[in-house]
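Undergrad: sequence? don't have it. structure:
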């Protein structure tokens, strides 16, 4: 019993470190309007600045997604915290658009190092037999951290001085505390090899994972695409169409989507992995429909509802996908397989966002949003029907 208690304490501490790192990746969300006023760039530039982060994540996952399986979890996570700190410093020093690009790229590198390694680390530290609960801790830390970023930045920007500086100074302090915690946690990879043993990896999966990975990746792509649009352009929609200029409110609306995702992940334990994926797709479709209504009739209440419903659907689908893929993966390749799932997810969070940014100029924010919703609605419907006909097994 004491061993279980210690294991869950270590698991929770590693989850807290995970959350701090991920909070930094969404910290600029409610601040983009202020940066637009300061540096004078367009809505397309906002989406490109946002997507640079996703490209950083994907690049790191492809090049070093298996690094923590080789050199150990802690060294990779310490490097991730280092890049998170460097990203915060870039935003603190920002005097032009170039600083934002570099800061977002470094933030993406940090997230790329963390996503697979931290998820595997949380699961490694959990007591024997606690895989399901550990998966929830990892995914909740990921999504909860992403939600805390815009909420923290929005509150500080609205009610504290130095709105473009204080959020990043606070995050820098949290990163330092996280590094101190991480240094006290044990390493979980026994057979560690030197850094030169790490090789760039192609998107290749073990045979036993392939049947599970396909439908799980479809669900992850759609959920992250919805989050990408919410995180990058919803503050602009709130300000331009609804006259909501309070940064705390903008940050809260975005945060609600991530917090609802955490609630959706918690529901997977009751629903089951097999049913959570198609149910998540159906709930995502409902969230998209609500977002379409919000764009069409300019209603804040529908924006909030779409964040909650869409976030819950993403949580159901994402935790179901992660659980299925993790259970099917060999222990010595788990981080690499999880990283491959995140490559698909972050493709969803980047490409559709840039598409929306490109369309804003010719057809406006509402038209671009509705076009995105139609495309994602078709994709999520197809994925839901596919998963109903070929369900992911609950256990492998």
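TA: Happy to help now that I have it. The model shown is predicted, which means the values in this text are computed figures rather than measured ones.
Undergrad: which parts of the helix or strand where residue 53 lies are buried?
TA: For residue 53, the host element (DSSP states H and E) is helix 43-64. By neighbour count on 16 or more other CB atoms under 10 Å, the buried set for helix 43-64 is 43-62, 64. Backbone N, C-alpha and C define where each C-beta goes, glycine included.
Undergrad: So which elements touch the following helix or strand past that helix?
TA: Per DSSP H and E, helix 43-64 leads on to helix 67-71 as the next helix or strand towards the C-terminus. Applying 3 or more CB pairs under 8 Å, 6 or more residues apart in numbering; DSSP states H and E, one finds that helix 67-71 contacts helix 73-92, helix 97-125, helix 334-389.
Undergrad: Please work out which of those is packed deepest.
TA: Looking across those with neighbours counted as mean count of other CB atoms under 10 Å, the highest average goes to helix 97-125: a mean of 25.
Undergrad: Now do the helix or strand that it is followed by against helix 97-125, angle only.
TA: Following helix 97-125 in sequence order, the next helix or strand is helix 131-159 (DSSP H and E). Going by axes from the mean of the first three to the mean of the last three CA atoms, to 10 degrees, helix 131-159 is angled at 150 degrees with respect to helix 97-125.
Undergrad: pLDDT weak spots in the stretch 101-250 of the chain?
TA: Applying pLDDT under 70 to the stretch 101-250 of the chain flags the ranges 201-204.
Undergrad: Recalculate using a threshold of 50.
TA: The stretch 101-250 of the chain contains no residues with pLDDT under 50.
Undergrad: same thing with the stretch 251-396 of the chain?
TA: Applying pLDDT under 50 to the stretch 251-396 of the chain flags residues 396.
Undergrad: let's go with 70 and repeat that
TA: 335, 392-396.
Undergrad: is it true that residue 242 touches residue 300?
TA: Yes. Shown here, residue 242 and residue 300 form a contact pair, counting by CB atoms under 8 Å, at 5.3 Å.
Undergrad: Show the contacting residues for the residue nearest to residue 358 when sequence neighbours are not counted.
TA: Using CB to CB, 6 or more residues apart in numbering and skipping the chain neighbours, the partner closest in space to residue 358 is residue 44 (6.3 Å). Listed by CB atoms under 8 Å, 6 or more residues apart in numbering, the contact set of residue 44 reads 357-358, 360-361.
Undergrad: ditto for residue 361
TA: Taking CB under 8 Å, 6+ apart, we find residue 361 in contact with 42-44.
Undergrad: hmm, try it at 10 Å
TA: Residues near residue 361 by CB atoms under 10 Å, 6 or more residues apart in numbering: 42-44, 368.
Undergrad: now residue 355
TA: Applying CB under 10 Å, 6+ apart, the residues contacting residue 355 are 47, 51, 225, 229, 368, 371-372, 375.
Undergrad: Residue 127: which of the residues you listed is nearest?
TA: The closest of the contacts of residue 355 to residue 127 turns out to be residue 225 (CB to CB; 35.4 Å).
Undergrad: how close does the closest one sit to residue 273?
TA: With distances taken as CB to CB, to the nearest Å, residue 225 is found 22 Å from residue 273.
Undergrad: Looking at those two, which is more packed in?
TA: With neighbours defined as other CB atoms under 10 Å, residue 225 and residue 273 compare such that residue 225 has more, 28 against 24.
Undergrad: Go ahead and confirm the more buried one touches residue 376.
TA: Yes. Judged on CB atoms under 10 Å, residue 225 makes contact with residue 376 at a distance of 5.7 Å.
Undergrad: who touches both of those two?
TA: Shared contacts of residue 225 and residue 376 (CB under 10 Å, 6+ apart): 284, 288, 348, 352.
Undergrad: Adding distance to residue 269, write those residues out as a markdown table.
TA: Below are the shared contacts of residue 225 and residue 376 laid out as a markdown table (distance: CB to CB, whole Å):
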| residue | distance to residue 269 |
| --- | --- |
| 284 | 19 |
| 288 | 25 |
| 348 | 25 |
| 352 | 30 |
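Undergrad: one step back: what do residue 242 and residue 300 both touch?
TA: Contact criterion CB under 10 Å, 6+ apart; residues shared by residue 242 and residue 300: 249, 294.
Undergrad: Tell me the buried residues in stretch 230-249?
TA: Neighbour counts over stretch 230-249 (16+ other CB under 10 Å) mark 230-241, 244, 247-249 as buried.
Undergrad: So which bits of stretch 159-174 are buried?
TA: Within stretch 159-174, the residues that count as buried by 16+ other CB under 10 Å are 163-168, 170-172, 174.
Undergrad: quick one on the thing from earlier: so which of the helices and strands packed on helix 67-71 gets nearest residue 215?
TA: helix 334-389 (5.2 Å).
Undergrad: what's the helix or strand for residue 14?
TA: Using DSSP H and E, residue 14 falls in helix 2-26.
Undergrad: Thanks again, I'm all set now.
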